[in-house]
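**Student:** Build the 3D model from these lines:
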Amino acid sequence: MAERFATIDVGTNTVLLLVAERRGAALVPVLERAEITRLGRGVDATGRLDPAAIRETVAVLREYARSARELGAPVVACVATSAARDASNGAEFFEAARDAAELVPEVIPGDEEARLVWASAWRDFGRPGEPLAVLDVGGGSTELSFGDGSAPRGRASLQVGAVRLTERHVRGDPPSAAELDALRAAAREAVRPFAAMEGRAEGGRLVGVAGTVTTLAAVAQALPAYDAERVHGSWLSLAEIERLVATLAALTVRERAALPGMEPKRADVILAGAVIVAEATRATGHSRLTVSDRGVRWGLLYDRVG
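**Tutor:** Now for the predicted structure:
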């Protein structure tokens, strides 16, 4: 059997597994899974991980670790991002993950998250000497990295994400016009540092990573079931993202969940995520965004095993 490896990315909203094997010079996916457990629900307000969210996330980690080991892949790395960084009781989650799944997630800072996402996007879309920017809109944080080589020349992580903004600004279902205005204003202000990043490459390609972007691409294509091959490498114009924002804002959560291409568990936070994508795309001076179905888990794989 070919040599196999596994990586796990524990985000604020989603837990992702990658099992890949080495085939010659390539690393080829054998299994990819994503489960929404919303580990970070309520963290923005309370500063603590919810016990139920810990249990749900640990149950997924147990299943992921079992699946990886059955496929002959040791878990090379399991990392946790925004929610675990921010929570005062993160140790409870780490102890539970160790006891149930024999995993100890590494908490990585935002700039390391940006670097790993860059490693993934550069492998698929980068060309030496041509400017590239990579936008990662998560549940609790948003990262931007840029450069024109295998290592980014600049990167930043901001405390703004789809879950965080939803919890702060959305009460109505569908949201009121005032709530939508508040979402836009908060997102616009939060991503303002992206426009001022020193040395940020103008022009070139903007790549969008993570569940908000891939879900928007799936909804834009009205996919009856998620299809990574149709999503990865597709693109969204800023005008199309804005059309999606308008559509989502007019629907209830239940109506959004029924849209072709929508992941139902993401329906309550997708509007805030879409607003962040729109404002970040505008702040970086781009009019379109290339969609990547890969992210931290792939960057980890490249980083740890080459």
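**Student:** per-domain residue ranges of the chain.
**Tutor:** 4-108, 110-296 (automatic domain parsing).
**Student:** State the mean pLDDT of the last one.
**Tutor:** Translated: domain 110-296. On average, the pLDDT along domain 110-296 is 92.
**Student:** Flag every buried residue along the longest helix seen in the chain.
**Tutor:** Of all the segments of type helix in the chain, defined by DSSP state H, the longest one is helix 51-70. By neighbour count on 16 or more other C-beta atoms under 10 Å, the buried set for helix 51-70 is 53-54, 56-65, 68. Backbone N, C-alpha and C define where each C-beta goes, glycine included.
**Student:** After it, which helix or strand is next?
**Tutor:** Using DSSP states H and E, the helix or strand that follows helix 51-70 towards the C-terminus is strand 75-80.
**Student:** what's that next one packed up against?
**Tutor:** Packed against strand 75-80 by the contact rule (3 or more C-beta pairs under 8 Å, 6 or more residues apart in numbering; DSSP states H and E) you find strand 4-10, helix 51-70, helix 90-101, strand 106-107, helix 296-305.
**Student:** want to throw the ones you listed into CSV with distance to V209?
**Tutor:** Below are the helices and strands packed on strand 75-80 laid out as CSV (distance: least, C-beta to C-beta, whole Å):
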stretch, distance to V209
strand 4-10, 11
helix 51-70, 20
helix 90-101, 24
strand 106-107, 19
helix 296-305, 8
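**Student:** before we move on, back to that, to Y302, which of the domains of the chain lies closest?
**Tutor:** Of all those, domain 110-296 sits nearest to Y302, with 5.0 Å by C-beta to C-beta.
**Student:** How far does that closest one sit from its chain's centre?
**Tutor:** Relative to the centre of its chain, domain 110-296 is centred 8 Å away, using C-alpha atoms, centre = their mean, to the nearest Å.
**Student:** mind checking the end-to-end distance for it?
**Tutor:** 11 Å (C-alpha to C-alpha, to the nearest Å).
**Student:** before we move on, back to that, nearest to R168, of the buried residues of helix 51-70?
**Tutor:** Nearest member of those to R168, counting by C-beta to C-beta, is A53, at 17.9 Å.
**Student:** How about the contacts made by that closest one?
**Tutor:** By C-beta atoms under 8 Å, 6 or more residues apart in numbering, the contact list for A53 reads 37-42.
**Student:** So which of these sit within strands?
**Tutor:** Among the contacts of A53, none falls in strands (DSSP state E).
**Student:** Now a ChimeraX select for only the buried ones of those residues.
**Tutor:** Here is the ChimeraX command that selects the buried residues among the contacts of A53 (16+ other C-beta under 10 Å):
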select :37,38,39,40,41,42
